[in-house]
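Sharing a model that was predicted from the sequence below.
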Amino acid sequence: MRLRVRHRLHWEFDEPHSMTVQALRLTPRDEAGLTICHWRIAGDRGGAMPGFEDGYGNTTLLLTRNLPHRGLSVTVDGEVELRLESGPSGLEETLPAEVFKRETALTTLDDAIRALAAGAPAPAALAATLRGMVEVEPLAAEVAAEVLAARKGSDAGLLHLFLAVVRAGGTPARMVSGYVWDGANGQEAAAPHLWAEYWDGAAWQAVEVLREAPPQAHIRLAIGLDESEAGAVRGIRRGPGAGHFAHSVRVDRA
């Protein structure tokens with residue numbers, strides 16, 4: 001099955017900015033079950049963007065603007081071939097699974113998380129349990145302990161709580177960002193998707209934490225210990241006034 005991805009990112013500022021740097025983790029990798037047919041990432045001013053591969057194997061491109069500007073945009077256009085019967089993650093791993101037991105500032109364990117982990121079900125059932133416990137709001141807490149205490153968190157916050165509980169039980173777990181296809185063309189999403197993977201002793205298994213019904217297909221962009229490492233976009237800017245950022249994502253069967 002071939003899928004086409006069209007993703008537009010746009011930043012707009014109330015006042016001119018003197019500098020913006022955006023790290024873009026928007027490049028999938030060939031893996032078992034997924035072959036990149038073509039993939040193009042372009043800024044609104046053209047030209048190649050410098051990039052590097054981080055320790056997890058994620059490709060990161062740097063979009064830099066250091067002249068006065070009030071906005072910038074990026075477009076992603078690509079196609080991938082998927083073989084849905086391939087099974088678990090087939091990434092060429094750069095690090096041992098044990099690395100993904102580490103705590104981060106966003107997934108630090110506290111007594112409440114440890115207590116929850118002590119009686120937690122298997123990861124897939126845990127995701128459903130946490131969805132029932134936590135109310136998701138866009139600007140709510142992102143730190144796992146704060147999410148559990150408030151019973152309220154952002155999308156990333158709910159993922160961070162899931163990762164913290166799974167790791168507290170001794171199982172490696174990581175965050176994943178990417179695109180999903182729900183089985184129908186013409187659907188538009190406001191942002192790339194986030195999900196989790198846990199190590200079952202033999203392979204990485206995907207878990208949908210944010211939604212009850214899994215998509216028909218995932219296209220993985222980046223992995224990491226938390227959203228700061230796996231999120232599709234991270235950036236800094238220098239200038240007065242507020243900034244506004246929006247995604248538009250569409251995945252269709254080609």
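All right, it came through fine. Small disclaimer: the values here were computed from a predicted structure and weren't measured. Residues are numbered from 1 along each chain as shown.

Next, the closest residue to Leu126 other than its chain neighbours: phi, psi?
Closest residue to Leu126 apart from its sequence neighbours, by CB to CB, 6 or more residues apart in numbering: Ala120 at 5.1 Å. C-beta here means a position set from N, CA and C on the backbone, and glycine is covered the same way. Geometry field for Ala120 lists phi and psi as phi -80, psi 140, criterion degrees, to the nearest 10.

Glu79: what's it in contact with?
Arg2, Leu3, Arg4, Val5, Ile36, Cys37, His38, Trp39, Ala254 (CB atoms under 8 Å, 6 or more residues apart in numbering).

mind giving me a markdown table with those and columns for secondary structure, distance to Ala242 and neighbour count?
Listed next are the contacts of Glu79 as a markdown table, based on DSSP: H, G, I helix; E, B strand; the rest coil; distance: CB to CB, whole Å; neighbours: other CB atoms under 10 Å:
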| residue | secondary structure | distance to Ala242 | neighbour count |
| --- | --- | --- | --- |
| Arg2 | strand | 40 | 12 |
| Leu3 | strand | 35 | 22 |
| Arg4 | strand | 34 | 17 |
| Val5 | strand | 29 | 23 |
| Ile36 | strand | 37 | 15 |
| Cys37 | strand | 39 | 12 |
| His38 | strand | 36 | 9 |
| Trp39 | strand | 32 | 15 |
| Ala254 | coil | 38 | 13 |
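
Lowest-confidence one in these?
Lowest in pLDDT among the contacts of Glu79 is Ala254, which has 89.

quick one: which of the contacts of Glu79 is nearest Ala128?
Taking CB to CB as the measure, Ala128 lies nearest Leu3 of the contacts of Glu79, at 27.1 Å.

what's across from that closest one in the sheet?
For Leu3, the beta-bridge partners under DSSP bridges are Val80, Arg253.

Just the CA coordinates for stretch 133-148, please, in PDB.
In PDB, the C-alpha atoms belonging to stretch 133-148 read as follows (Å, rounded to 0.1, in the frame of the first residue of the first chain):
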ATOM      1  CA  MET A 133      -8.000   8.800  34.400                       C
ATOM      2  CA  VAL A 134      -6.600  11.800  32.600                       C
ATOM      3  CA  GLU A 135      -8.500  14.700  30.900                       C
ATOM      4  CA  VAL A 136      -6.500  15.800  27.800                       C
ATOM      5  CA  GLU A 137      -6.300  19.600  27.200                       C
ATOM      6  CA  PRO A 138      -4.000  21.300  24.700                       C
ATOM      7  CA  LEU A 139      -2.200  23.700  27.200                       C
ATOM      8  CA  ALA A 140      -2.300  21.400  30.300                       C
ATOM      9  CA  ALA A 141       0.700  19.900  32.100                       C
ATOM     10  CA  GLU A 142       3.400  18.000  30.300                       C
ATOM     11  CA  VAL A 143       5.400  16.600  33.300                       C
ATOM     12  CA  ALA A 144       4.200  13.100  34.200                       C
ATOM     13  CA  ALA A 145       4.000  13.600  37.900                       C
ATOM     14  CA  GLU A 146       2.000  16.800  37.400                       C
ATOM     15  CA  VAL A 147      -0.400  15.100  35.000                       C
ATOM     16  CA  LEU A 148      -1.100  12.300  37.500                       C
END
